[in-house]
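[1] below is the sequence, then the predicted model.
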Amino acid sequence: MYRSRIYGTAQFTGFATPAETNQLYRRLLAQGMTSLYMACDLPCQMGYDSDDPRAAGEVGNNGVAINSLMDVETILDGIDLGTTRITIVANANAAVILAMLDVVAERRGVDKAKITGFVQNDVMKEFFARNTYIFPIDPSLRLHSDTVVFCKEHLPNFHPFNPISYQIREAGATAVQEAAFTLANARTYVENAARRGIPADELGPLFFTIIVNHRDFFEEVAKIRAMRRIWARLMKEQLGAKTEAACALRFHASQGAVGMNLMRSLPEANIVRSTLAGFAGVLSGAQSVGTRTMDEAYGIPSAKASLISLRGLQIIAEETGVTSTADPLAGSYFVEWLTDEVERRINEYLAKIEALGGMVNAIKTGYVQTEIAQSAFAYQMDCEAKRKITVGMNLHADPEPAYETHASYRLDPAVQHEQITTLREFKRGRNAARLAASLQAIRETAARPEGNDANLMQPIKEAVKSDATIGEIFRALKDVFGEPRQGAE
């Protein structure tokens, strides 16, 4: 563990324009951050361009605005792709963002075997936890498998997907539900990859997940320990893995954010919450750790808040001594008992999902959504009855004037206008015939049956090179796949 290599540090950042995000990344890397953790704004995640009417007011909020290859080139300008781990929070839009990263690497002449990191690319949880999906679930899973095959062939050390528990927990799931639904999603992805010719032993070493750390310190540690056991058995006993490397659960320890973890009341208190969450991740053996900041109950983090959060992780690594022991909590009666108990409850959920025909059917029938909704309601009732305490909200609350003046980052509306103007100028300067041909190739490939000979990543990559925007690419795919109808998945 950390005696040979310390955990990576990554702060979830990205805001406003690509140029501003680039400046932030360069500054954080100079301050000791070891990998980028790129946040895309909501229009980008939904497959809309910044000049789309549906993007009004959201451009550059809660993430960086990305429309074209030019934007990704700007974000990564001056950053060594061969030594900097690249993490991209992209789910339904992952295929296009991944293609952009691949083209940037090609144009720079970077050895693609040296590119490490992961694209979040967990589209299944969008259908029951976050709702930022673009297509119905079946074509969404086809596109997901296309990205996995593409990475295996072109970006061999880049993690092609990472099931994420963050939004599942933030939607109201319990720790047990969070773990169970995340593992069920992961199993589905591995099975789909096997059908596309990538066995578990080849995919397993590239498997990387994001697990959220919430408030109950020991429950979170026990949850991760239980997930490791269950995943190893699933891979070996049910999914056909034969090597230890394929059975390991590698993960990034994140932290729950607004609503269930961070408060607007006395934002500096969130520094304590973030540090404790990071500490739980370290004690659980995370390969990389990222904590939230004191600002994230207000919006995206300021530069100062990001630096404080980074320093907290560095203090844990360098000053506490916990990194000198591989598993410091092993053997604790309470931790071992709690791990067994959490594992038992996770397995009960997994058995129920299998009885329903797997995770896709469990989502289509509404089972997963109902379970989370009931847990979210129960949690709210516990908060109102003060059975669950949130300092600053239902106990030791501060008056609102004490925190309304907190100096968090505020996006200048002029920045949004600048991004839209730049995009419109970019669109006017393209080769219209080449662009149209590349988009038609996407439609034709999407109309063919799923398979490695109809992998959508190649025409998407060609469209990216033809300066197609995210909105244009996804409109072409919608022409074939259609759009989802709420409640009819």
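    That came in fine, so what should we check first? Numbering: from 1, shown residues only.
[2] which residues does Y48 contact?
    Counting by CB atoms under 8 Å, 6 or more residues apart in numbering, Y48 touches 54-55, 470-471, 474. For the C-beta atoms, the positions are set from N, CA and C on the backbone; glycine is no exception.
[3] including pLDDT and distance to G331, could those go into CSV?
    Below are those laid out as CSV (pLDDT from 0 to 100; distance: CB to CB, whole Å):
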residue, pLDDT, distance to G331
R54, 94, 54
A55, 92, 53
I470, 97, 50
G471, 97, 54
F474, 97, 51
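[4] state the mean pLDDT of the lengthiest helix in the chain.
    Using DSSP state H, we find that the single longest helix of the chain is helix 333-355. On average, the pLDDT along helix 333-355 is 98.
[5] what residues of that helix count as buried?
    Neighbour counts over helix 333-355 (16 or more other CB atoms under 10 Å) mark 335, 338-339, 342-343, 345-347, 349-350, 353 as buried.
[6] please pick the buried ones from the contacts of Y48.
    Neighbour-count burial (16+ other CB under 10 Å) applied to these gives 55, 470-471, 474.
[7] counting contacts, what elements does the longest helix of the chain pack onto?
    Under the contact criterion of 3 or more CB pairs under 8 Å, 6 or more residues apart in numbering; DSSP states H and E, helix 333-355 touches helix 175-195, helix 217-233.
[8] could you check the angle helix 333-355 makes with the first one?
    What it means is helix 175-195. Using axes from the mean of the first three to the mean of the last three CA atoms, to 10 degrees, the inter-axis angle of helix 175-195 relative to helix 333-355 is 50 degrees.
[9] how far does helix 175-195 sit from its chain's centre?
    15 Å (CA atoms, centre = their mean, to the nearest Å).
[10] any buried residues in that helix, and which?
    Neighbour-count burial for helix 175-195 [16+ other CB under 10 Å]: 175-190, 192-193.
[11] ditto for stretch 195-214
    Within stretch 195-214, the residues that count as buried by 16+ other CB under 10 Å are 196, 198, 200-214.
[12] filter these down to just the ones in strands.
    Residues of these located in strands (DSSP state E): 209-213.
[13] can you read off the backbone torsions of V96?
    Note on V96: its backbone torsions stand at phi -70, psi -40 [degrees, to the nearest 10].
[14] counting neighbours, what do you get for it?
    31 (other CB atoms under 10 Å).
[15] which ones are touching it?
    V96 sits in contact with 47, 460, 464, 470, 473-474, where contact means CB under 8 Å, 6+ apart.
[16] again, only this time at 6 Å
    Taking CB atoms under 6 Å, 6 or more residues apart in numbering, we find V96 in contact with 460, 470, 473.
[17] could those be laid out in a markdown table, adding distance to G60 and secondary structure?
    What follows is these, written out as a markdown table (distance: CB to CB, whole Å; DSSP: H, G, I helix; E, B strand; the rest coil):
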| residue | distance to G60 | secondary structure |
| --- | --- | --- |
| I460 | 24 | helix |
| I470 | 15 | helix |
| I473 | 20 | helix |
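[18] looking at the residues you listed, which is nearest L307?
    I470 (30.6 Å; CB to CB).
[19] before we move on, back to that, reformat the contacts of V96 as CSV; add distance to G299.
    Conversion of the contacts of V96 to CSV gives the following (distance: CB to CB, whole Å):
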residue, distance to G299
I460, 32
I470, 23
I473, 29
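[20] pretty sure M263 is touching V391, no?
    No - with contacts counted by CB atoms under 6 Å, M263 stays clear of V391, the gap being 7.6 Å.
[21] show me the contacts for I168.
    Residues near I168 by CB under 6 Å, 6+ apart: 125, 129, 178, 181.
[22] how about a cut-off of 7 Å?
    Residues counted as contacts of I168 (CB atoms under 7 Å, 6 or more residues apart in numbering) are 125, 129, 178, 181-182.
[23] also A297?
    Residues in contact with A297 (CB under 7 Å, 6+ apart) are 258, 262-264, 267, 270.
[24] same question for K427.
    Contacts for K427 (CB under 7 Å, 6+ apart) come out as none.
[25] D71 versus that one, what's the distance?
    Noted for K427: a distance of 13 Å to D71, by CB to CB, to the nearest Å.
[26] all helices of the stretch 1-150 of the chain, in order?
    Counting by DSSP state H, counting those that start in this stretch, the stretch 1-150 of the chain has helices at residues 18-30, 42-45, 69-75, 94-108, 137-154.
[27] flag every buried residue along the last one.
    When neighbours are counted by 16+ other CB under 10 Å, the buried residues of helix 137-154 are found to be 137, 139-152, 154.
[28] closest one of the residues you listed to G299?
    Nearest member of the buried residues of helix 137-154 to G299, counting by CB to CB, is S140, at 28.9 Å.
[29] not counting its neighbours along the chain, what's nearest that closest one?
    V123 (4.6 Å; CB to CB, 6 or more residues apart in numbering).
[30] let me see the backbone angles for that neighbour.
    Phi and psi for V123, reported as degrees, to the nearest 10, are phi -80, psi -30.
[31] my guess is it contacts R142. True?
    No - checked against CB atoms under 7 Å, the pair V123 and R142 is beyond contact range at 10.2 Å.
[32] three-state assignment of the residue of the chain positioned farthest from its centre?
    The centre of the chain is farthest from one residue, A433, which by CA atoms, centre = their mean lies 35.5 Å away. At A433 the chain is in helix, as set by DSSP: H, G, I helix; E, B strand; the rest coil.
[33] neighbouring contacts of stretch 109-116?
    81-82, 85-86, 105, 154-158.
[34] show only the entries of those residues found in strands.
    Using DSSP E, the contacts of stretch 109-116 in strands are 85-86, 158.
[35] now the residues you listed as TSV including distance to G14?
    Listed next are the ones in strands among the contacts of stretch 109-116 as TSV, based on distance: CB to CB, whole Å:
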residue	distance to G14
R85	15
I86	12
F158	19
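[36] just the pLDDT at A186, thanks.
    94.
[37] equivalent analysis for I79, please.
    pLDDT at I79 comes out at 93.
[38] ok, it touching Y25?
    Yes - contact criterion CB under 7 Å: I79 and Y25 qualify, at 6.4 Å.
[39] looking at the two, which is more packed in?
    Taking neighbours as other CB under 10 Å, I79 and Y25 compare with Y25 leading, 24 against 14.
[40] spatially nearest residue to the more buried one (excluding sequence neighbours)?
    L36 (5.6 Å).
[41] if we can go back for a sec, identify the farthest-apart pair in the buried residues of helix 333-355.
    Maximum pairwise distance among the buried residues of helix 333-355 (CB to CB): 26.7 Å, between V335 and I353.
[42] out of the buried ones among the contacts of Y48, which is nearest to E418?
    Closest to E418, out of all of the buried ones among the contacts of Y48 and judged by CB to CB, is A55, at 14.2 Å.
[43] which ones are touching that closest one?
    43, 48-49.
[44] measure it to R130 for me?
    Using CB to CB, one gets 18 Å for the distance from A55 to R130.
[45] neighbours of M393, how many?
    Residues contacting M393 under the criterion other CB under 10 Å number 14.
[46] please identify the helix or strand for it.
    Per DSSP states H and E, M393 falls between elements, in no helix or strand.
[47] and the gap between it and W231?
    Counting by CB to CB, the gap from M393 to W231 is 35 Å.
[48] same thing with I389?
    32 Å.
[49] more neighbours, these two?
    Taking other CB under 10 Å, I389 and W231 do not tie; W231 has more neighbours (25 against 12).
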